[in-house]
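> The sequence and its predicted three-dimensional model are supplied below.
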Amino acid sequence: MTLFPNMFKGPFDESIIKRAQDKKLVEITIHDLRKWGLDERETVDDRPYGGGVGMILRVDVIDRALQDLKLKAKNLKHKTILLDAGGEKFNQNKARELSKYEHLILIAGHYEGVDYRIHKHLVDEVISIGDYVLTGGEIPAMVLTDSIIRLIPKVLEKSEAAEFESYQQSPISNQLLLEYPQYTRPEIYKNWPVPKVLLSGNHKEIQKWREKEAITKTKKIRPDLISNLEK
């Protein structure tokens, strides 16, 4: 649900997301919030009570839109999510959780935000994609959509592609790690060689090397993920 539906034309019309739609594995519908606007000008916002800059999306407009959209989901496992900088930070575990739902409604906030009664009464969750502020919730909605859809069965041609990647729990150390380093041809480039263990064909040693490298990489870049691992 958005005030700017044209922003979504590119990201959902290419690559894996497009193929998922073509295969009928997922259906994405972009709803223009102004369809539920109040008057001839299709008004969806108003000035904040108490003063302040900017405009606030109205609770009555969002409520009317949700009532219509939820009719299609009443017999499905569904969830309504507001994208807002003040929400819970999105992560891979949340993406996996949301990929189990049959119907998701994503509300892209805009302007100076939305009436807080929407947070309290109309949505199931409020999600942020990071500790920064964007011009609206459209890009966060794209981020959620992409990260969720790729986890739906049969969307990725090789299912293991979603099993061995960053922010997955390691089967060896049981830690949440970044993905181990990857290499391909040429074997040597500008005197930068591929690690010998990867050329050995010894899968047990390769697995041990990948685990070690994943831990080293995570400690360096995201030590918060393994703060309970012995340094």
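Happy to help now that I have it.

> Three-state assignment for residue 7, please.
Put simply, residue 7 is helix when judged by DSSP: H, G, I helix; E, B strand; the rest coil.

> what's the neighbour count on it?
Counted by other CB atoms under 10 Å, the residues lying close to residue 7 total 16. C-betas here are computed from N, CA, C, even on glycine.

> Next, the contact list for it, please.
Under the criterion of CB atoms under 8 Å, 6 or more residues apart in numbering, the neighbours of residue 7 are 138-139.

> which residues touch residue 40?
Contacts of residue 40 (CB under 8 Å, 6+ apart): none.

> start the count at 562, not 1, going forward
Taking 562 as the first residue, the last one we looked at is residue 601.

> so which helix or strand takes in it?
For residue 601, there is no enclosing helix or strand under DSSP states H and E.

> From residue 595, how far out is it?
In this view, residue 601 and residue 595 are 11 Å apart by CB to CB, to the nearest Å.

> residues in contact with the helix or strand where residue 709 lies?
Using DSSP H and E, residue 709 maps to helix 699-710. Residues outside helix 699-710 that contact it (CB under 8 Å, 6+ apart) are 563, 565, 568-569, 572-573, 577-578, 581, 586-587, 589, 642, 644, 651, 653, 656, 659-660, 665, 667, 669, 671, 688-690, 695, 716.

> So how do I select the buried members of the residues you listed in PyMOL?
To isolate the buried ones among these in PyMOL, judged by 16 or more other CB atoms under 10 Å, type:
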select buried, resi 563+568+569+572+573+578+581+587+642+644+651+653+656+659+660+665+667+669+671+688+689+690+695+716
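
> The lengthiest strand in the chain relative to helix 699-710, how many degrees between them?
Ranked by number of residues, the top strand in the chain under DSSP state E is strand 639-650. Orientation check (axes from the mean of the first three to the mean of the last three CA atoms, to 10 degrees): strand 639-650 against helix 699-710 gives 120 degrees.

> List the strands paired with strand 639-650, with their directions.
Strand pairing for strand 639-650, using DSSP bridges, gives strand 664-669 (parallel), strand 686-689 (parallel).

> tell me the domain boundaries of this protein?
What automatic domain parsing lists as the domains of the chain is 566-710, 725-787.

> Out of those, which one sits most buried?
When you average the neighbours per residue for each of the domains of the chain (mean count of other CB atoms under 10 Å), domain 566-710 leads with a mean of 16.

> now the helices for the chain?
For the chain, the helices defined by DSSP state H occupy 576-583, 620-631, 653-659, 677-678, 699-710, 764-782.
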